[in-house]
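Participant: Got a sequence here, can you build the structure:
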Amino acid sequence: MILFGAIGLAGMAYAQAVNPILPHADPFITYDPVTSGGQYVLTATGRDITLWSGPTPATASATAHVIFTPKDGMTQTWSPTVWKMDGHWWVYFTAQMPGEKHKIYVLQSDTDDVLSTYTFKGALETGRQSIDPSLLIVGKSRYLMYVTVDSGANDIHIRKLKTPMEFDGEAALIAHPEAGWEKGEGSTRNYPVDEGPTALYHNGKTFIVFSASDTASPRYCLGLLTLTGRDPMLPTNWKKTPHPVFEWSPENGIYGPGRGTFSKAKDGSMWLLYAAKTSDAPNAARRETRAQRFTWNADDTPNFGVPEKDGPIKP
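Facilitator: Residues are numbered from 1 along each chain as shown. Alright, predicted model coming up:
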């Protein structure tokens, strides 16, 4: 939902946004400095793979561009992410083909324009039922982060990429739900979940922000992994916070905030986009995307604050 009004940012007039900014869950945002002089590109779960674009992180849902419509019986197209690699844009997403389990599928742009046409490249096989693909970049190496859902819990793995369509070596398990807040503590939805990994970088530090607890739980929340060594493939090099870093705010009417994604605005401010709902019902209905600014703590970890009330987004 977008309301248009004049606000100033770096000498330009942009549309003012209102939360929720998009009636879809599982957002992912990136920035393309080339498209229309610099646009923020947003994608999210939907039947089609859609890229929205706009001039600021909070107005990134201004214009929709459908780049892929499922065919051949493909369903459950979830959690797309979009990346610039090797002169093309690549979209990784979850989907399910008839008679098969969830897999990670890939689209490749036909040009270097993020809003160009895309070619379906097929599945990137992990050997297990997998969802929620996203990239982690450490040094010059790229790693695919994904979530396995076939062991009685949702677990986060990473695996080095040789090319956008080829793995280099085996996967490493780096996050398994152990604490009560990762298992829906305080709600009736108690399935153990660590999912939706998204990389965040600051002052030379590497973080993974992930979603914890059952997706349908009002206690769905964000947790944080910090890379403490050089090699991200070593599980012992990842330190998990003992508590959520972003969770429900009944006083502000926001429940189950998860699937965080991040962007730096042109004015230097940092933005968190996330999915949440306005009901404490134990289901995943009406999860929508919201945006708000965030800051950094003295130890360079992110300070997301609390979910803000729906309405005009604070400038």
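Participant: Run a quick neighbour tally on the nearest residue to residue 279 once chain neighbours are set aside.
Facilitator: In space, and not counting its chain neighbours, residue 279 is closest to residue 255: 6.2 Å by CB to CB, 6 or more residues apart in numbering. The C-beta positions use only the backbone N, C-alpha and C, and glycine is treated the same way. Applying other CB atoms under 10 Å, we find 22 residues neighbouring residue 255.
Participant: Isn't residue 255 up against residue 275?
Facilitator: No - judged on CB atoms under 8 Å, residue 255 makes no contact with residue 275 at a distance of 11.0 Å.
Participant: Do you know the pLDDT at the closest residue to residue 216 other than its chain neighbours?
Facilitator: Using CB to CB, 6+ apart and skipping residues adjacent in sequence, the residue nearest residue 216 is residue 284, 4.4 Å away. Confidence at residue 284, expressed as pLDDT, is 92.
Participant: Distance-wise, check residue 284 relative to residue 58.
Facilitator: 24 Å (CB to CB, to the nearest Å).
Participant: Can you tell me how far the residue nearest to residue 279 is from residue 98?
Facilitator: If you go by CB to CB, the gap between residue 255 and residue 98 works out to 34 Å.
Participant: Tell me the bridge partners for residue 200.
Facilitator: Beta-bridge pairing for residue 200 (DSSP bridges): residue 207.
Participant: burial count for it?
Facilitator: For residue 200, using other CB under 10 Å, the count is 20.
Participant: picking up where we left off before, quick one, which of residue 284 and residue 58 is more surrounded?
Facilitator: The neighbour count for residue 284 versus residue 58, taken as other CB under 10 Å, is higher for residue 58 (31 against 16).
Participant: Verify the contact between the more buried one and residue 21 for me.
Facilitator: Yes - contact criterion CB under 8 Å: residue 58 and residue 21 qualify, at 6.4 Å.
Participant: who does the helix or strand harbouring residue 162 touch, helix- and strand-wise?
Facilitator: Assessed by DSSP states H and E, residue 162 sits inside strand 155-163. Packing partners of strand 155-163 (3 or more CB pairs under 8 Å, 6 or more residues apart in numbering; DSSP states H and E): strand 130-138, strand 141-148, strand 166-167, strand 172-175, strand 194-202.
Participant: For my notes, please list these in a markdown table and give distance to residue 215 for each entry.
Facilitator: Below are the helices and strands packed on strand 155-163 laid out as a markdown table (distance: least, CB to CB, whole Å):
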| stretch | distance to residue 215 |
| --- | --- |
| strand 130-138 | 11 |
| strand 141-148 | 11 |
| strand 166-167 | 27 |
| strand 172-175 | 16 |
| strand 194-202 | 8 |
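Participant: Out of these, which is closest to residue 116?
Facilitator: strand 130-138 (19.9 Å; CB to CB).
Participant: Can you tell me what sits against the closest one?
Facilitator: 28, 78-79, 81, 83, 92-94, 102-104, 124, 142-149, 154, 157-158, 161, 195-199, 206, 208, 227, 230, 232 (CB atoms under 8 Å, 6 or more residues apart in numbering).
Participant: Please apply the same query to stretch 42-50.
Facilitator: 22, 24-29, 51-54, 60-61, 64-70, 77-82, 91, 93, 107, 118, 273, 275, 289.
Participant: Apply 7 Å and report the result again.
Facilitator: 22, 24-29, 51-52, 60-61, 64-70, 77-80, 82, 91, 93, 107, 289 (CB atoms under 7 Å, 6 or more residues apart in numbering).
Participant: Provide a list of residue ranges in the chain with pLDDT below threshold.
Facilitator: Applying pLDDT under 70 to the chain flags residues 1-15.
Participant: Try it again at 50.
Facilitator: 1-13 (pLDDT under 50).
Participant: where exactly do the helices run in it?
Facilitator: Using DSSP state H, no helices are found in the chain.
Participant: The nearest residue to residue 247 once chain neighbours are set aside bridge partners, please.
Facilitator: Spatial nearest neighbour of residue 247, excluding adjacent residues (CB to CB, 6+ apart): residue 221 at 4.0 Å. Judged by DSSP bridges, the bridge partners of residue 221 are residue 212.
Participant: thought residue 221 was touching residue 246?
Facilitator: Yes - between residue 221 and residue 246 there is a contact under CB atoms under 7 Å: 6.2 Å.
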